[in-house]
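**Q** Provided below are the primary sequence and the corresponding predicted coordinates.
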Amino acid sequence: MIDVQSQADYRNIEIDKVGVKDIRYPVTVMDKNSGVQNTVASINMYVNVPREFKGTHMSRFIEILNEFHGHLDIREFSSVLKALQEHLRAESAHMEINFPYFIRKLSPVTGSPGLMEYRCRIAGSLDREIGYDLVVEVNVPITTVCPCSKEVSDHGAHNQRGMVRLAVRFKHFIWIEDLIELVERSASCDVYSVLKRPDEKYVTEYAYDNPKFVEDVVRDVAFELKSDPNVSWFLVDVENFESIHNHSAYAFIERRK
């Protein structure tokens, strides 16, 4: 049969990324406490298309993914990308995996257990000239109390839930749990899935005694990462879903070390 994708294209323009998006697929994630955690990811896979070819072979992305079924985790990223390069005759290959990650978390006073969900992302690329690149990202819900509100108010202070996005490049393996813990200790207080009344009293008072602007949170996270020799690059941003304003507060830092 005629291979239309491999036919010549007259426009002489290379395409940076061509592929498939939003593949729902089971993956294995390294779990610091349990060894591994099985979850379901949304996967994007791409390659470049040279100027001389009309297109790529979309079915081969799924075939390659199926070759790694059962052991698709961070340790296999480079192998998957290499297979994409070879089978699709590409100079560069890219894969992004977005998945929910769950951590069993005890409430601070009563020790009530609950599962906290964190949205995570692993993005890798392999280029024949640039080499291999890998980024791990976590999205962590937090609580913040406004320092200004606490300072000017006679009774209480407004608080809100926020979201911290932290992405890192690293030299050696890094645990998702360690990134999440770094973010949570930079907030006014953690967010929990289960809180009894003694726990609610504790987190409310703890957050009140530890007020943070978005600027404080983003700087506290960056301050720790700057001194971590394992981290070569990081991006951190914080969005507070303000409780007394009709807008969010936002802060962003990106650094290459």
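**A** Nice, I can see it.

**Q** switch to C-alpha atoms for all contacts and neighbour counts from now on
**A** Noted.

**Q** what's the closest non-adjacent residue to Thr144?
**A** Closest residue in space to Thr144, ignoring its immediate chain neighbours: Ser188 at 4.7 Å, by Cα to Cα, 6 or more residues apart in numbering.

**Q** what of Ala157?
**A** Using Cα to Cα, 6+ apart, the closest residue to Ala157 is Lys150 (4.5 Å).

**Q** Asp31 contacts Asn38, correct?
**A** No. Taking contacts as Cα atoms under 8 Å, Asp31 lies outside contact range of Asn38: 9.3 Å.

**Q** before we move on, back to that, could I get the CA-only coordinates of the helix or strand hosting the residue nearest to Ala157 as CSV?
**A** Under the criterion of DSSP states H and E, Lys150 resides in helix 147-152. Provided in CSV are the C-alpha atoms of helix 147-152 (Å, rounded to 0.1, in the frame of the first residue of the first chain):
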residue,chain,number,x,y,z
PRO,A,147,-0.3,39.2,56.6
CYS,A,148,-1.9,42.6,55.8
SER,A,149,-5.3,41.5,56.8
LYS,A,150,-4.0,40.2,60.1
GLU,A,151,-2.1,43.4,60.7
VAL,A,152,-5.0,45.8,60.1
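
**Q** what helix or strand is Lys82 on?
**A** Going by DSSP H and E, Lys82 is in helix 77-87.

**Q** got it, and Glu177?
**A** Using DSSP H and E, Glu177 falls in helix 176-184.

**Q** returning to that earlier point: thought the residue nearest to Thr144 was touching Pro211?
**A** Yes. Contact criterion Cα under 8 Å: Ser188 and Pro211 qualify, at 5.6 Å.

**Q** packing partners for the helix or strand hosting Asn66?
**A** According to DSSP H and E, Asn66 maps onto helix 58-67. Using 3 or more Cα pairs under 8 Å, 6 or more residues apart in numbering; DSSP states H and E as the contact test, the elements touching helix 58-67 are strand 15-31, helix 77-87.

**Q** how about the ones you listed, which one is nearest Cys146?
**A** strand 15-31 (34.1 Å; Cα to Cα).

**Q** identify the residue nearest the residue most central in space within the chain in space, chain neighbours excluded?
**A** Closest to where the C-alpha atoms of the chain average out (Cα atoms, centre = their mean) is Glu137, at 2.4 Å. Excluding the flanking residues, the one nearest Glu137 by Cα to Cα, 6+ apart is Ala167, at 4.0 Å.

**Q** returning to that earlier point: pull out the buried positions in the helix holding Asn66.
**A** 61, 65 (16 or more other Cα atoms under 10 Å).

**Q** can I get that helix in CSV, CA atoms only?
**A** Taking C-alpha atoms only, helix 58-67 is exported to CSV below (Å, rounded to 0.1, in the frame of the first residue of the first chain):
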residue,chain,number,x,y,z
MET,A,58,0.3,8.2,14.2
SER,A,59,-0.4,4.5,14.9
ARG,A,60,3.3,3.9,15.8
PHE,A,61,3.0,6.2,18.8
ILE,A,62,0.4,3.8,20.4
GLU,A,63,2.4,0.8,19.3
ILE,A,64,5.5,2.1,21.1
LEU,A,65,3.5,2.9,24.2
ASN,A,66,2.1,-0.6,24.3
GLU,A,67,5.6,-2.0,24.1
